[in-house]
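Asker: Show me how the following folds:
(one chain, ligands or ions: 2)
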Amino acid sequence: MTVIVLSGPIGAGKSSLTSILSKYLGTEPFYESVDDNPVLPLFYADPKKYAFLLQVYFLNTRFHSIKAALTQGNNVLDRSIYEDALFFQMNADIGRATKEEVDTYYELLHNMMDELERMPKKSPDLLVHINVSYDTMIKRIKKRGRPYEQLSYDSTLEDYYKRLLRYYKPWYEKYDYSEKMVIDGDKYDFMAREEDREIVLNQIVDKLKSMGKLPMDWDKQTDIQIEA
Ligand SMILES: Nc1ncnc2c1ncn2[C@@H]1O[C@H](COP(=O)(O)OP(=O)(O)OP(=O)(O)O)[C@@H](O)[C@H]1O
Ligand SMILES: Nc1nc(=O)c2ncn([C@H]3C[C@H](O)[C@@H](CO)O3)c2[nH]1
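Answerer: Ligands and ions are numbered 1, 2, ... in the order given. Just a heads-up that it's a prediction; the model follows:
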């Protein structure tokens, strides 16, 4: 059984690659619910008021997904519990959480991570991190078009997104719950270009093979339908 988690900044392409990769490997995708998240638009409208509530919302849904993924078998998650603290710490650092909220959040997080430690399978097999520059991130956010994520919605989002990118580098370096690898999200347009898609999928398959997580004679699923 192989559990793969994706990571990367907003709009990096995690959901897109999750869909492609799960079809290619013939495994189950797990998507973070965004459009039916009732707190997300509230957060973008008033970040200081809703940062803690949003984080508890995400932490709860991420805990459910990682538990299900670790129990159910072969799957790919488009974002995992391991990025939760990165977001909350960044929001706390810019004054969007009280000391009590920070303390409560970390107690809750540690409690949840302790629960995962008790599971027969404790962590994923592989983290696939999508690296993107600020310009790519903004291009993709525009392309996807969620109104509250646009720079025109709130001019402070430029700083927020740039800061988020800065937090990812040390986060990735420190991450040690599983094997890990980076995909160059600036270089490869795995949505529109079939040859780029092949390169990215081969990078992941090679990594899985080197870890002994795919048989050497494993054969890919062909005919992947891409939904833009
Ligand atoms: N490598 C890529 N090349 C070109 N376009 C891409 C690429 N990856 C994603 N996109 C496009 O960028 C947009 C954002 O992608 P996606 O929703 O997969 O990002 P995400 O990382 O899951 O975002 P979020 O963190 O907000 O959930 C989509 O419109 C998608 O079609
Ligand atoms: N504050 C905050 N904490 C999180 O853990 C978190 N995870 C995702 N997001 C935001 C980014 C995208 O707008 C959108 C989809 O990823 O949700 C988050 N925001």
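Asker: For whichever residue of the chain sits closest to ligand 1, grab phi and psi.
Answerer: Residue nearest to ligand 1 within the chain: residue 13 (2.6 Å; CB to the nearest ligand atom). For the C-beta atoms, the positions are set from N, CA and C on the backbone; glycine is no exception. Main-chain dihedrals, residue 13, degrees, to the nearest 10: phi 120, psi 20.
Asker: For this structure, list the residues in contact with ligand 2, please.
Answerer: 10, 34, 40, 43, 54, 55, 58, 84, 87, 91, 149 (CB under 6 Å from any ligand atom).
Asker: and the most centrally placed residue in the chain, what pLDDT?
Answerer: Nearest to the geometric centre of the chain sits residue 79, at 2.7 Å (CA atoms, centre = their mean). Reported pLDDT at residue 79 in the predicted model: 95.
Asker: Once you drop chain neighbours, what's closest to it?
Answerer: Among residues not flanking residue 79 along the chain, residue 32 sits closest, at 4.8 Å (CB to CB, 6 or more residues apart in numbering).
Asker: Also residue 66?
Answerer: residue 81 (5.0 Å).
Asker: quick one: contacts for that neighbour?
Answerer: 59, 62, 63, 65, 66, 112, 113, 116 (CB atoms under 8 Å, 6 or more residues apart in numbering).
Asker: if you set the cut-off to 7 Å instead, what comes out?
Answerer: Counting by CB atoms under 7 Å, 6 or more residues apart in numbering, residue 81 makes contact with 62, 63, 66.
Asker: same question, residue 219
Answerer: Going by CB under 7 Å, 6+ apart, the list of residues near residue 219 is empty.
Asker: Isn't residue 180 up against residue 129?
Answerer: Yes - with contact defined as CB atoms under 7 Å, residue 180 counts as touching residue 129 (6.4 Å).
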